[in-house]
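Novice: Here is the input, now give the coordinates:
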Amino acid sequence: MATVAKNMVDTLVAAGVKRVYGIPGDSLNGFTDALRGSGIDWVHVRHEEAAAFAAGAEAALTGKIAVAVGSAGPGNLHLINGLFDAQRSRVPVLAIAAHIPTAEIGSGYFQETHPQELFREASVYTEYVASPSQMPRILNTAIQTALEKRGVAVVVIPGDIALAEAEDTTVTPIRATKPRILPSQEELGEAAALLKQAKRVTILAGAGAQHAHDQVVALAGKLAAPVVHTLRSKEFVEHDNPYDVGMTGLLGFASGYRALENADTLLMLGTDFPYRAFLPEKAKVIQIDLRGEHLGRRVPLTLGLVGDVGDTVDALLPLLDQRTDRNHLDDALDHYAKTRTKLDDLATPRKGDQPLHPQYVARLIDELAADDAVLIPDVGSPVIWAARYLRMNGRRSLIGSFIHGSMANAVPQAVGAAAATGRQVVTLSGDGGVTMLLGELLTLTQNKLPVKVVVFNNSSLNFVELEMKSAGFVTHTTGLQNPSLAAIAEAAGLKAFRVERSKDLRKALTEAFAYDGPALVDVVTERQELTIPPSIKLDQAKGFALYTLRTLLSGRGDELLDLTRANLRQVF
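Specialist: So this is what the prediction gives:
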């Protein structure tokens, strides 16, 4: 008998799916049984949240549909956080959410939920399969929608429906289309006129510039415009770009912020950059984005255009004159060079047994990682070090939970990256992040995935502490009592290293990166390291002053001494 589940698997094979991430359960039995002999690999994780993160990472790196599954009730609810991340990162993921038996729905049955309602906000398409007659149309629609809208599609299906005889066994190959989307000629002319009138143009390039590196560089050259990149566009824009002046925002540094502030015209290319405080208040703003609903939702626009960044810039370039005045550009490049030098000066080893500067750890990861490595930072302070010290070269990839901002993303995303690409995968993990989904270390060993996990172990939720200090609060509830994470990793079957002194770091990273299997390097880093945003606002300065006063009054003056000792190198 050809079951609905068998037709689902056949459809996934036709869509090019190579693996499925999940944990088995009785409501998934029909589906998991149909996978046998299909050519699709089952990647067994230890938590369904990790399955969704892994699928999102695969989709981000390949651009193709990736699949995560969850059994009824709690099993598929565990998917939600990882699916939210994939949805907000705009990558095509299909989630198969098994449901309780059809006859029991609405009776308060064991593990009963209403997944089609719960997944609605985390998806571009969610539908419930109540009858075999709805398949394979619903599955085909889900895959097509995920690919075209670049988001998450969820198919909710009871186990008994999956095991039922298929009424339609048609298998349709589904592939993403590649449309060419351009503004009108009139709109392009208006944009060109505004850019010709401008004296100081700065480009802010986002993830929408993924396939438009050469066009962005050509446009910057013609406009003599510095290019500021977002974290998501770092891998697409930063490399081989003589006009790049770094990042802005909470994770960026001064040169990117200054290039935006000094502009009289800001050209936003494929970015929905959310931090309005870091965008210029007085500049004219031109925004180009594929999604018209995103135009002007951060700052008021002089002109908004709907179009693909690469195609739009190609059409715009012939309408522009070569700008000869490079004062704005040269000033931004000079400031970037000075800022870069100051940042590099912080990435130095320490003498003796002092905890390592995290900047130094990130610098060595950058130096020793493969030229085509996939680099994945955890949310928190590791993202800052990744933004400031990992160099992109056109072959490396940088992924993370950059919009959803979820802790514990790095190791699960590394599972998908390693399973899908065969490239070296290195995480910059926080101790809070890696311990939140600690079981995924077992996923690495069980699936023989040679991921390299580098833990920035500062025994704290470090970024939360920084946020508390900047708001004037005494740090509280943020400490972590960690055992040796290297010892835990070794027990889980990974090659493990513990680094407590700067002089031992290079050797440990070199051996870990060369090891033919999963490895973890547990690095004790400085807890009191300050990460200074590109522009200190008055309320932040007041916050640090208030934190200092409150800390002294609470009898924790030793913490202030540690803070001073750790940051003597930084210039305020």
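
Novice: mind listing the strands in the stretch 51-200 of the chain by residue range?
Specialist: Secondary structure of the stretch 51-200 of the chain (DSSP state E, counting those that start in this stretch): strands located at 66-70, 93-99, 125-128, 152-158.

Novice: Output the ones you listed as a markdown table; include the columns mean neighbour count, distance to residue 340 and mean pLDDT.
Specialist: Bear in mind the C-beta positions are built from the backbone N, C-alpha and C, glycine included. Shown next, in a markdown table, are those (neighbours: other CB atoms under 10 Å; distance: least, CB to CB, whole Å; pLDDT from 0 to 100):
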| stretch | mean neighbour count | distance to residue 340 | mean pLDDT |
| --- | --- | --- | --- |
| strand 66-70 | 29 | 36 | 98 |
| strand 93-99 | 30 | 36 | 98 |
| strand 125-128 | 20 | 44 | 98 |
| strand 152-158 | 28 | 38 | 98 |
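
Novice: you'd agree residue 409 is up against residue 432?
Specialist: No. With contact defined as CB atoms under 8 Å, residue 409 does not reach residue 432; the gap is 11.7 Å.

Novice: any residues in contact with both of these two?
Specialist: Residues touching both residue 409 and residue 432 by CB atoms under 8 Å, 6 or more residues apart in numbering: residue 378.

Novice: Those two - which one has more neighbours?
Specialist: residue 409 (32 against 25; other CB atoms under 10 Å).

Novice: Contact partners for the closest residue to that one other than its chain neighbours?
Specialist: Spatial nearest neighbour of residue 409, chain neighbours left out: residue 401 (3.9 Å); criterion: CB to CB, 6 or more residues apart in numbering. Applying CB under 8 Å, 6+ apart, we find residue 401 in contact with 53, 85, 89, 379, 409, 413.

Novice: Residue 9 too?
Specialist: 31, 34, 35, 38, 40.

Novice: thinking again about what came up before, would you say the residue nearest to residue 409 is within a helix?
Specialist: No. Read with DSSP: H, G, I helix; E, B strand; the rest coil, residue 401 is coil and lies in no helix.

Novice: What are the buried residues along stretch 323-333?
Specialist: By neighbour count on 16 or more other CB atoms under 10 Å, the buried set for stretch 323-333 is 323, 328, 329, 331, 332, 333.

Novice: hang on, the earlier thing: can I get the strands of the stretch 51-200 of the chain in JSON lines with distance to residue 107?
Specialist: Output for these, formatted as JSON lines (distance: least, CB to CB, whole Å):
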{"stretch": "strand 66-70", "distance to residue 107": "21"}
{"stretch": "strand 93-99", "distance to residue 107": "13"}
{"stretch": "strand 125-128", "distance to residue 107": "16"}
{"stretch": "strand 152-158", "distance to residue 107": "13"}
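
Novice: Nearest to residue 521 among these would be which one?
Specialist: Among the strands of the stretch 51-200 of the chain, strand 66-70 comes nearest to residue 521, with 28.1 Å by CB to CB.

Novice: For the closest one, name the packing helices and strands.
Specialist: If you count contacts as 3 or more CB pairs under 8 Å, 6 or more residues apart in numbering; DSSP states H and E, strand 66-70 packs onto strand 19-22, helix 48-62, helix 74-77, strand 93-99.

Novice: Nearest to residue 111, out of the ones you listed?
Specialist: Short answer: helix 74-77, nearest of those by CB to CB, at 6.5 Å.

Novice: Let me see the mean pLDDT of the closest one.
Specialist: Confidence over helix 74-77 (mean pLDDT, whole number) is 96.

Novice: outside of it, which residues touch it?
Specialist: 23, 25, 27-28, 48, 69-70, 95, 97-99, 111, 113, 115, 118, 156.

Novice: now, among those residues, which is nearest to residue 180?
Specialist: Using CB to CB, the contacts of helix 74-77 come closest to residue 180 at residue 95, 30.3 Å.

Novice: Now do the contacts for that closest one.
Specialist: Contacts of residue 95 (CB under 8 Å, 6+ apart): 52, 55, 67-70, 76, 79, 83, 119, 123, 152-155.

Novice: go on, residue 291?
Specialist: Neighbours of residue 291 in contact, by CB under 8 Å, 6+ apart: 272, 306.

Novice: burial measure for the nearest residue to residue 33 once chain neighbours are set aside, as a count.
Specialist: Leaving aside its chain neighbours, residue 33 sits nearest to residue 5 (7.2 Å; criterion: CB to CB, 6+ apart). The local packing of residue 5 (other CB under 10 Å) involves 25 other residues.
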